[in-house]
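> with the input below, show me the fold.
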Amino acid sequence: MPRTTRPIRLFAPLLAAVLALGAAPVRAQDADAPAAPGARPPSAERPADQVTFPAGSSIGMAPLPGLRASTRFLGFENPQDGTFFAFIQAPLEEWEAISERYALENLPPQGFADPIRTDYEVEGAEEAFLVSGEQRLQQSLTVDKWVVAARGPEHVAIVIAQRVPLQPAYTKQAIEAALDTLALRAPPGLEEQIAALPFAIGDRAGFRPVRVTGGNSILLTEGEDDVVEQADQPIVIVAASQEINPPPERRDEFARRALTGLPGLTDVRIERADAFQQDNADWHEAVATAKERSGVPVVVQQTMRFTDEGFIRALAVVREEERASWEPRFRTLADSLAPR
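As a prediction, the model looks like this:
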């Protein structure tokens, strides 16, 4: 029986969380950093002639001088001034949801002021659009934001570019010139994409990887199907977050709030939540009961490993009556997580 390629049902809420990178605040250290000494004048910044594809990426561009491949997400960044180009790879099935998310009427609630949306051309894409405008972030900071969404033959590409007007190393024209060099290629193999993730899974505990998204998250399951209806197969999602870590005294509250606010689940009730140290790192594990959208009772296990760059978050979902056989394997996988 051939394996279907439709997305796991709980994958769509995770994709929305990954897309939130586009609205994430600039890191404090990036916003306060001085511009690079001796940098070329912004008006002289031009993309390189060669389109570069980051490791594991089906999206490429000719980067501007001073941009480097990010170690925090898939794409390029200039950590000295907060400029970034973040690449997100999504299944074709998500195209309509992505197009709706960036419809003009849905942009003001995301902090955009007077946004513009136009059709766009991307090499290797069948259709694409560009959204641009100013966006106010959570820290009362307004940035210049561009979002390119492109539908290719095999996947959807989203590129989010951000420029901080307070200390720009690049003009708006330079950012747009870089976006004009965007190109799509056939997605690399799954193992190549996994190897490019900002974290390593030392022991997959027998779970099968299904898909890598955004260069910072992976979805795994066990069973023949890539479609999981009514939690009939276990789901494991591991993602690296670039959020600034909360202080140690607030991490329990932070982790509980993240678990109870998980999209796609209702009646979430936390059974236990524990902070601990392991491998010279701070960790937090929480287990909750909940109901899947169809009403099936499930158990959700959340493990967070806090790092210098943010945290790695593992989520596992399984039917409640099967928890005893799956929890040890979830824990084996989560315990093996490490930043690269």
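> mind listing what the residue lying closest to Pro234 once chain neighbours are set aside touches?
Ranked by C-beta to C-beta, 6 or more residues apart in numbering and with sequence neighbours excluded, the top spatial neighbour of Pro234 is Val318, at 4.4 Å. All C-beta atoms are positioned from the backbone trio N, CA, C, and that covers glycine. Residues in contact with Val318 (C-beta atoms under 8 Å, 6 or more residues apart in numbering) are Ala231, Pro234, Ile235, Val298, Val299, Trp326, Phe330.
> quick one: the helices in this structure, in order.
Assigned helices in the chain, in chain order: 11-19, 28-32, 95-101, 172-179, 190-195, 251-260, 323-335 (criterion: DSSP state H).
> can you redo those helices as TSV with mean pLDDT, mean neighbour count and distance to Ile218?
Output for the helices of the chain, formatted as TSV (pLDDT from 0 to 100; neighbours: other C-beta atoms under 10 Å; distance: least, C-beta to C-beta, whole Å):
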stretch	mean pLDDT	mean neighbour count	distance to Ile218
helix 11-19	43	20	10
helix 28-32	39	13	26
helix 95-101	95	15	20
helix 172-179	95	18	27
helix 190-195	91	15	6
helix 251-260	93	17	18
helix 323-335	94	17	11
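> will you turn those helices into CSV that also has distance to Glu77?
Shown next, in CSV, are those (distance: least, C-beta to C-beta, whole Å):
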stretch, distance to Glu77
helix 11-19, 17
helix 28-32, 8
helix 95-101, 22
helix 172-179, 12
helix 190-195, 19
helix 251-260, 25
helix 323-335, 28
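> what's the closest of the ones you listed to Gly223?
Smallest distance to Gly223 across these (C-beta to C-beta): 11.9 Å, for helix 323-335.
> just the contacts of Val318 now: which is nearest Pro165?
Nearest member of those to Pro165, counting by C-beta to C-beta, is Ile235, at 41.0 Å.
> can you check the pLDDT for the closest residue in space to that closest one that isn't next to it in sequence?
Nearest residue to Ile235, sequence neighbours excluded (C-beta to C-beta, 6+ apart): Val317, at 4.6 Å. The per-residue pLDDT reported for Val317 equals 93.
> quick check: bridge partners of Val317?
Beta-bridge partners for Val317, by DSSP bridges, are Ile235, Val300.
> that one: neighbouring residues, count only.
Residues lying near Val317 (other C-beta atoms under 10 Å) number 26.
> how about low-confidence regions in the stretch 1-150 of the chain?
1-45, 138-139 (pLDDT under 70).
> which stretches of it form strands?
59-60, 68-69, 75-78, 83-90, 112-119, 127-136, 142-151 (DSSP state E, counting those that start in this stretch).
> so which of those strands is nearest Asn216?
strand 83-90 (9.0 Å).
> circling back: reformat the strands of the stretch 1-150 of the chain as JSON lines; add mean neighbour count and distance to Thr260.
Below are those laid out as JSON lines (neighbours: other C-beta atoms under 10 Å; distance: least, C-beta to C-beta, whole Å):
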{"stretch": "strand 59-60", "mean neighbour count": "24", "distance to Thr260": "34"}
{"stretch": "strand 68-69", "mean neighbour count": "12", "distance to Thr260": "35"}
{"stretch": "strand 75-78", "mean neighbour count": "24", "distance to Thr260": "31"}
{"stretch": "strand 83-90", "mean neighbour count": "26", "distance to Thr260": "26"}
{"stretch": "strand 112-119", "mean neighbour count": "13", "distance to Thr260": "29"}
{"stretch": "strand 127-136", "mean neighbour count": "19", "distance to Thr260": "27"}
{"stretch": "strand 142-151", "mean neighbour count": "22", "distance to Thr260": "29"}
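> follow-up on the earlier one: quick one, which of the helices of the chain is nearest to Pro79?
Here helix 28-32 is closest among the helices of the chain (C-beta to C-beta), at 5.8 Å.
> nearest to Val122, out of the helices of the chain?
Closest among the helices of the chain, using C-beta to C-beta: helix 172-179, at 8.9 Å.
> so what secondary structure elements neighbour the closest one?
Packing partners of helix 172-179 (3 or more C-beta pairs under 8 Å, 6 or more residues apart in numbering; DSSP states H and E): strand 83-90, strand 142-151, strand 156-163.
> ok, which of the ones you listed comes nearest Asp203?
strand 83-90 (25.3 Å).
> helices or strands next to the closest one in the packing?
helix 11-19, strand 75-78, strand 156-163, helix 172-179, strand 208-213.
> turn the ones you listed into TSV, columns for distance to Arg68.
TSV is the format used below for the helices and strands packed on strand 83-90 (distance: least, C-beta to C-beta, whole Å):
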stretch	distance to Arg68
helix 11-19	22
strand 75-78	6
strand 156-163	15
helix 172-179	13
strand 208-213	21
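> Glu100 is nearest to which of those?
helix 11-19 (11.4 Å).
> number of nearby residues for the closest residue in space to Glu285 that isn't next to it in sequence?
Nearest-residue entry for Glu285: Thr303, 4.8 Å, with adjacent residues in sequence omitted and distances by C-beta to C-beta, 6+ apart. Thr303 is flanked by 22 other residues according to other C-beta under 10 Å.
> these two touch, right, Thr303 and Val287?
No: between Thr303 and Val287 there is no contact under C-beta atoms under 8 Å: 9.7 Å.
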